[in-house]
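Enquirer: build me a model:
(one chain, ligands or ions: 1)
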Amino acid sequence: MGEIEETLLTEEQIRSKVCELAARITEDYADRAPLLLVGILKGAFIFLADLAREIGIPIEFDFMALSSYGSSTKTSGVVRIMKDLDVEIKGKHVLIVEDIVDTGLTLSYLQRNLAARGAASVEICALLNKRGRDKVDIPVKYEGFSIPNVFVVGYGLDHAERYRNLPYIAVLEK
Ligand code: 5GP
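Expert: Sure, this is the predicted structure:
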């Protein structure tokens with residue numbers, strides 16, 4: 001695995017979806033600001049930066065780093081917190097911003113974890129959601145694109161730390 005096979009989502013498609021999601025978030029949280037965006041490192045950093053700049057209400061930021069994959073591309077099901085939040089979230093409205101939902105294990109764990117810390121609400125915004133996977137049942141309130149079960153890179157997503165800076169999303173050849 002290693003070379004780009006085809007473009008799955010163009011810059012233009014991503015840009016218009018990001019604007020659409022930001023407009024919904026702005027409306028939904030208008031009377032609950034400030035909203036705390038929790039970006040999941042590293043994959044969500046580009047999506048988060050673009051999304052945040054289109055949101056029209058006051059927002060705060062924090063980041064977490066989680067590990068469930070190790071260096072392979074198969075989900076092990078074990079989620080470890082590599083970097084925790086810097087701020088208290090008790091009473092806050094939290095929106096988790098994630099690059100991609102595969103099995104949903106990572107987000108299912110995280111949503112429960114943040115809710116247990118006393119957040120006023122915890123919702124999920126994910127740019128990509130893979131179809132045809134056995135999933136943990138998690139409600140992704142803000143979903144960008146439903147994509148086939150292929151390994152994708154670009155727009156923050158990597159393969160062995162490469163390709164994160166591609167401005168579009170591509171499929172890697174097997
Ligand atoms: P889940 O816990 O939902 O199975 O896995 C979610 C995490 O797996 C994502 O945050 C991402 O880091 C990684 N992941 C899942 N599918 C892909 C993919 O197609 N490409 C890349 N680069 N990472 C993926």
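
Enquirer: for the protein, what lies in contact range of the ligand?
Expert: Applying Cβ under 6 Å from any ligand atom, we find that the chain lies next to the ligand at 43, 68-69, 75, 98-106, 151-153, 157-159. (Each C-beta comes from the backbone N, C-alpha and C, glycine too.)

Enquirer: state the distance from residue 9 to the ligand.
Expert: Residue 9 is 12 Å from the ligand, where distance means Cβ to the nearest ligand atom, to the nearest Å.

Enquirer: so which strand or helix has residue 52?
Expert: helix 45-54 (DSSP states H and E).

Enquirer: so how far is that helix off the chain centroid?
Expert: For helix 45-54, the distance from its own C-alpha centre to the chain's C-alpha centre is 11 Å (Cα atoms, centre = their mean, to the nearest Å).

Enquirer: list the buried residues in that helix.
Expert: 45, 46, 47, 48, 50, 51, 52 (16 or more other Cβ atoms under 10 Å).

Enquirer: show me what contacts the residue lying closest to the third one once chain neighbours are set aside?
Expert: What that stands for is residue 47. In space, and not counting its chain neighbours, residue 47 is closest to residue 127: 4.9 Å by Cβ to Cβ, 6 or more residues apart in numbering. Residues in contact with residue 127 (Cβ atoms under 8 Å, 6 or more residues apart in numbering) are 14, 17, 18, 44, 47, 98, 99, 100, 144, 145, 155.

Enquirer: how about the backbone phi and psi for residue 127?
Expert: The phi/psi pair for residue 127 (degrees, to the nearest 10) reads phi -70, psi -40.

Enquirer: low-confidence stretches in the protein?
Expert: For the chain, the stretches with pLDDT under 70 are 1-2, 68-78.

Enquirer: would you map the helices across it?
Expert: 11-28, 45-54, 105-116 (DSSP state H).
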